[in-house]
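1. Need a 3D model of the sequence below.
(4 chains, ligands or ions: 8)
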There are 4 protein chains.
Amino acid sequence: MRVLMIGDVVGSCGRSALRNQLPRLKRSLQPDVIVANGENAAGGRGITRAILREFYDLGIDCVTLGNHSWDQREIFDFIDDETRLIRPANYPEGTPGRGVAEIPVGQEVLAVINLMGRTFMPITECPFRVVDALLKDLEETSFILVDFHAETTSEKQAMAWYLDGRVSAVIGTHTHVQTADERILPSGTAYLTDVGMVGAYNGVIGMDRDLVLKKFQTQLPVRLEAGSGPAQLNAVLIDLERSSGRARQIRRIRIDDDHPFMD
Amino acid sequence: MRVLMIGDVVGSCGRSALRNQLPRLKRSLQPDVIVANGENAAGGRGITRAILREFYDLGIDCVTLGNHSWDQREIFDFIDDETRLIRPANYPEGTPGRGVAEIPVGQEVLAVINLMGRTFMPITECPFRVVDALLKDLEETSFILVDFHAETTSEKQAMAWYLDGRVSAVIGTHTHVQTADERILPSGTAYLTDVGMVGAYNGVIGMDRDLVLKKFQTQLPVRLEAGSGPAQLNAVLIDLERSSGRARQIRRIRIDDDHPFMD
Amino acid sequence: MRVLMIGDVVGSCGRSALRNQLPRLKRSLQPDVIVANGENAAGGRGITRAILREFYDLGIDCVTLGNHSWDQREIFDFIDDETRLIRPANYPEGTPGRGVAEIPVGQEVLAVINLMGRTFMPITECPFRVVDALLKDLEETSFILVDFHAETTSEKQAMAWYLDGRVSAVIGTHTHVQTADERILPSGTAYLTDVGMVGAYNGVIGMDRDLVLKKFQTQLPVRLEAGSGPAQLNAVLIDLERSSGRARQIRRIRIDDDHPFMD
Amino acid sequence: MRVLMIGDVVGSCGRSALRNQLPRLKRSLQPDVIVANGENAAGGRGITRAILREFYDLGIDCVTLGNHSWDQREIFDFIDDETRLIRPANYPEGTPGRGVAEIPVGQEVLAVINLMGRTFMPITECPFRVVDALLKDLEETSFILVDFHAETTSEKQAMAWYLDGRVSAVIGTHTHVQTADERILPSGTAYLTDVGMVGAYNGVIGMDRDLVLKKFQTQLPVRLEAGSGPAQLNAVLIDLERSSGRARQIRRIRIDDDHPFMD
Ligand SMILES: [Fe+2]
Ligand SMILES: [Fe+2]
Ligand SMILES: [Fe+2]
Ligand SMILES: [Fe+2]
Ligand SMILES: [Fe+2]
Ligand SMILES: [Fe+2]
Ligand SMILES: [Fe+2]
Ligand SMILES: [Fe+2]
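-> Ligands and ions are numbered 1, 2, ... in the order given. The predicted structure is shown next:
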């Protein structure tokens, strides 16, 4: 099974980059299933029903979220009805929505788990304990992708080692910068600390850079907005072994003005 | 001028990797000057006088620090005498040591500035204001490398844009994971969000992974130790134009069991 | 000189408590000058021009702020014109408004300094260094009140000891709960860790308690609102020696349904 | 039932104040049961077996802890054997020790629950959910005291309202400064945001004030030590109705050089 995981899509700049690049990427890379993080899709903050449709229409099979899950209040109107839109599973019991999606891929199923770190992040339940419980329910499932939405590299690496051999891949999101540490851990789990983002190449993590700079320099409240102009697209392609679900290969994808896409 | 910047060296595992790899790297890459971050060199915490000598003996010209600057108390005995060991320049006035080093490189001088971010980091002065003041004193200097030791990608990218065209390169440290976003900004500043680290490849950011995992899972106090076993070495090579100091090229270096060094 | 310092006034509930109680308090306590913290006066978030007028009309001579200074965007339209409305002095240079007010009190002047702590608070300049600089400019002034807006008791007590003998009083704000540790430090500075607040007695720090509870329990975004119902009023009365400005007495004031005001 | 709850005892200064004052307090106040927070008893950091004995010998019936629970590593050797020494109940499952003590008081039993807040505190499980589960097991128990060890006033007040009518008292610890907001909530729960501490009156929250000041001013690592000199003792006395366990009265106790104890 070939999985394409796309980093946090930021604002309309990120969405139009998806529209422009995804068809070519699909043709060239032939993924069996596509997952994207959508927590910043609506102007940098959360996701709407209309944007979720856009994602589905582009052929994205599953959308994950993160600390920005609730930024658009309308999400509470539809998240409970969506089976392919997931928010971190370690939000406290009773939180709307779900943390796991099971996506049919040909004859197989890919389970996607969304988790959130706790260091420098909103308060949630222990992601290590929560993932243990989830994996018990997924014992029959060979293909499992974890989107671990976390700030620190240490928490992400710790989770990857914790899950090595128990899931197909642990892919980090949230920092919006792709890391260069892709590898397959000894027991067969593919790992990348952060997949990066899709959005303004000349912004600051996809947001308008003048506004971000103003905020850092003045410490005054500044309403950040998604950036515009040329876009970058960050993703990762993971090949999983037929029946075991073990990762065989992991390959980073970086497309921007300095790195045009080569078919 | 060709600058080799090496990421945070972690513990004896990182130091022995330096000893093993640096001669080959120097032969192959022919850097004119070598800078390394040494904040984790002594068992993961700070640096000692003896280890600093080791760095110099290996041909490292300048050592930068970060939030772990003071972990080894003996540093207060020697930091004021060292001109090539620097700690973040935005520590408050009166802090021992200095934040800028001027390293002779042939007929030229490379100024190295160490700064620290403020988001999720110890309390320091504003790095944007501090670097403005430092650059005023370096107006005659064309070759300037900034080691920006920071947690968040947004603060690092903001600093890079802030300094674009004013320094030769902004290279991030602290997260111990190399990022894949190397680029040359429009006004000629080379940028990489994080250069990564030198240390245990199978640890968690270079520390013993069982201890880190125990800490995350139990939330009990666990004394972390530097990891051991096979090492990784992360660095970045930057080529600067002769008189302008503008960056012409930036190239990431990743050496580990999965990526053996190719001369 | 007799100074009445009133804690953070929260929302319309707090403002109407002020209107109801202040005339009686003034008659009974005969303060020479009244200072109030107004950072939560507008529905719990910031202050407007109209509310500032309300404060002045009630006989409040000086209004201090804190981390909520900028919550109402209209403040940027008038803060530069106000000499008796101050925000923390250790905001970075270039921040609108001022951090010190000099209030005529009969033949004397009371200087009021607003400072903000840094632990678990927004990023600002070092309040210890900033207050040193301010006090240099106030060398001729005997009567100095510091409103130290900070989260932790340790930072507040440290500041009080730092300023003992250099200012008339250090009064904490921000936690909205009055502390019971009023005292006069050995060199003559009156101190109270927190003066408390004016607002809903049955809220959570003056905000609607159901909303606050919902937020703590669900960790979902909840728009907090100022509480309503019966109010409490917290203040502190400080008597300063005629020419030295030394504190002679400090007395806490707590008025609520369980502690009706006794003339 | 009359309960005396004593705030965080800090270092040898605090312990000797206990030895000096407790006999008089007991004679004068005639408590039926005494609880003290001991998280800072050993030089400001944690508690040892010997110090725990000291507490018991002084007639303290139950000792609570907090974020400093594990500062003395020897605690892991004895905490599992102690039924009257408790640490926050919302540490993750598997944490040594227990979070509830049941203390015989004449014919009755006082259940003491230790909980820890999460805002600006170590990562723990949700104290609201945890206390719900604990109270289910204590359904037969009328006398329940909660020591809520938390930083922010909002989290403490929220917990008090959450538990109003379900426990006899919610008493805050951790800030080391007594608050002046003691009250009995409408459904019969006594509440005080923070009971304060027992330790050096002229320190900073019981620690040596010069060291704390040095730390704030330099931001360098400073090993804090418990303060010495004259002590203060903060406690609270709560009277509970015979069979219901409802609070009838709550009275703060503050003893220091400025407030000598009056029998
Ligand atoms: Fe994101
Ligand atoms: Fe995020
Ligand atoms: Fe480091
Ligand atoms: Fe660091
Ligand atoms: Fe406030
Ligand atoms: Fe505040
Ligand atoms: Fe404590
Ligand atoms: Fe504590």
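2. anything in the host helix or strand of A:Ala160 near chain B?
-> Per DSSP states H and E: A:Ala160 is located in helix A:153-163. Yes: applying C-beta under 8 Å from any C-beta of the partner chain, one finds helix A:153-163 touching chain B at A:Thr153, A:Ser154, A:Glu155, A:Gln157, A:Ala158, A:Trp161, A:Tyr162. (C-beta placed from N, C-alpha, C; glycine too.)
3. I figured the fourth one was touching B:Gly206, is that so?
-> Translated: A:Gln157. No: with contact defined as C-beta atoms under 8 Å, A:Gln157 does not reach B:Gly206; the gap is 9.8 Å.
4. what about the strands in the stretch 1-150 of chain A?
-> A:2-6, A:8-9, A:33-37, A:62-64, A:85-86, A:100-105, A:108-116, A:143-149 (DSSP state E, counting those that start in this stretch).
5. Which strands border the fifth one, and is each parallel or antiparallel?
-> To tie it back to what came earlier, the one meant is strand A:85-86. Sheet pairing here is set by DSSP bridges, and for strand A:85-86 it gives strand A:62-64 (parallel).
6. Next: the longest one.
-> Pairing partners of strand A:108-116, with direction, according to DSSP bridges: strand A:100-105 (antiparallel), strand A:143-149 (parallel).
7. who wins for proximity to ligand 5 among those?
-> Nearest of the strands paired with strand A:108-116 to ligand 5, taken as C-beta to the ion: strand A:143-149 at 31.8 Å.
8. quick revisit: show me what the helix holding A:Ala160 is in contact with.
-> Contact partners of helix A:153-163, identified using C-beta atoms under 8 Å, 6 or more residues apart in numbering or on different chains, comprise A:115, A:117-119, A:127-128, A:131, A:146, A:148, A:150, A:170, A:172, A:179, A:185, A:189, A:191, A:193-194, B:175-177, B:204-205, B:207, B:209, B:212-213, B:216.
9. got a list of what the residue located most distally from the centre of chain A touches?
-> When distances to the mean C-alpha position of chain A are computed (C-alpha atoms, centre = their mean), the maximum falls on A:Thr218, with 31.5 Å. Shown in contact with A:Thr218 (C-beta under 8 Å, 6+ apart): C:Pro92, C:Gly94, C:Thr95.
10. count of neighbours near the residue lying closest to A:Arg166 once chain neighbours are set aside?
-> Counting by C-beta to C-beta, 6 or more residues apart in numbering or on different chains, the nearest residue to A:Arg166 once its immediate chain neighbours are dropped is A:Leu135, at 5.9 Å. For A:Leu135, the count of nearby residues is 18 (other C-beta atoms under 10 Å in any protein chain shown).
11. Quick check: A:Leu135 touching A:Ser168?
-> No: applying C-beta under 8 Å as the test, A:Leu135 and A:Ser168 come out as separate, 11.8 Å apart.
12. Show me whatever sits in contact with both of the two.
-> In terms of C-beta under 8 Å, 6+ apart, A:Leu135 and A:Ser168 are both contacted by the residues A:Ile144.
13. Can you show me the helices along chain A?
-> Assigned by DSSP state H, the helices in chain A fall at A:11-29, A:49-57, A:75-78, A:127-137, A:153-163, A:209-218.
14. Most tightly packed of those helices?
-> helix A:153-163 (a mean of 25; mean count of other C-beta atoms under 10 Å in any protein chain shown).
15. Give me the angle between that helix and strand A:108-116.
-> Using axes from the mean of the first three to the mean of the last three C-alpha atoms, to 10 degrees, the direction of helix A:153-163 lies 140 degrees away from that of strand A:108-116.
16. quick check: angle from helix A:153-163 to helix B:209-218?
-> If you take the same axes, to 10 degrees, helix A:153-163 sits at 100 degrees to helix B:209-218.
17. Helix A:153-163 vs ligand 2: in contact?
-> No: interface with ligand 2: helix A:153-163 contributes nothing (C-beta under 5 Å from the ion), its closest point being 12.6 Å away.
18. swap in stretch A:80-99?
-> No: Stretch A:80-99 lies out of reach of ligand 2 by C-beta under 5 Å from the ion, never closer than 9.8 Å.
19. For that stretch, which outside residues touch it?
-> A:38, A:47, A:52, A:56, A:61-66, A:69, A:75-76, A:79, A:100-103, A:112-116, A:124-127, A:130-131, A:134, A:149, C:217-220, D:126, D:129.
20. If we go by neighbour counts, what in that stretch is buried?
-> Across stretch A:80-99, burial judged by 16 or more other C-beta atoms under 10 Å in any protein chain shown covers A:82, A:84-92, A:95-99.
21. Pick the one among those closest to D:Arg19.
-> Comparing these against D:Arg19 with C-beta to C-beta picks out A:Pro92 as the nearest, at 44.3 Å.
22. Check what pLDDT the closest one gets.
-> Per-residue pLDDT puts A:Pro92 at 96.
23. Distance of the closest residue to chain C within the stretch 151-263 of chain A relative to C:Gly46?
-> Closest to chain C within the stretch 151-263 of chain A is A:Pro221: 5.0 Å, counting by C-beta to the nearest C-beta. When distance is defined by C-beta to C-beta, to the nearest Å, A:Pro221 is 10 Å away from C:Gly46.
24. Which of those two has more residues huddled nearby?
-> Neighbour count, other C-beta under 10 Å: between A:Pro221 and C:Gly46, C:Gly46 has more, with 22 against 12.
25. need the contact list for the more buried one.
-> Counting by C-beta under 8 Å, 6+ apart, C:Gly46 has contacts C:Glu39, C:Asn40, C:His68, C:Ser69, C:Trp70, C:Asp71, C:Gln72, C:Ile75.
26. most surrounded residue in those residues?
-> C:Asn40 (31 neighbours).
27. Quickly note the distance from the most centrally placed residue in chain A to A:Leu134.
-> For chain A, the residue sitting closest to the mean C-alpha position, by C-alpha atoms, centre = their mean, is A:Asn37 at 3.4 Å. Counting by C-beta to C-beta, the gap from A:Asn37 to A:Leu134 is 18 Å.
28. do the same with A:Asp194
-> Distance from A:Asp194 to A:Leu134, by C-beta to C-beta: 22 Å.
29. A:Arg87 now?
-> Taking C-beta to C-beta, one finds A:Arg87 at 14 Å from A:Leu134.
30. For ligand 3, find the nearest of the strands paired with strand A:108-116.
-> Of all the strands paired with strand A:108-116, it is strand A:143-149 that lies closest to ligand 3, at 21.2 Å by C-beta to the ion.
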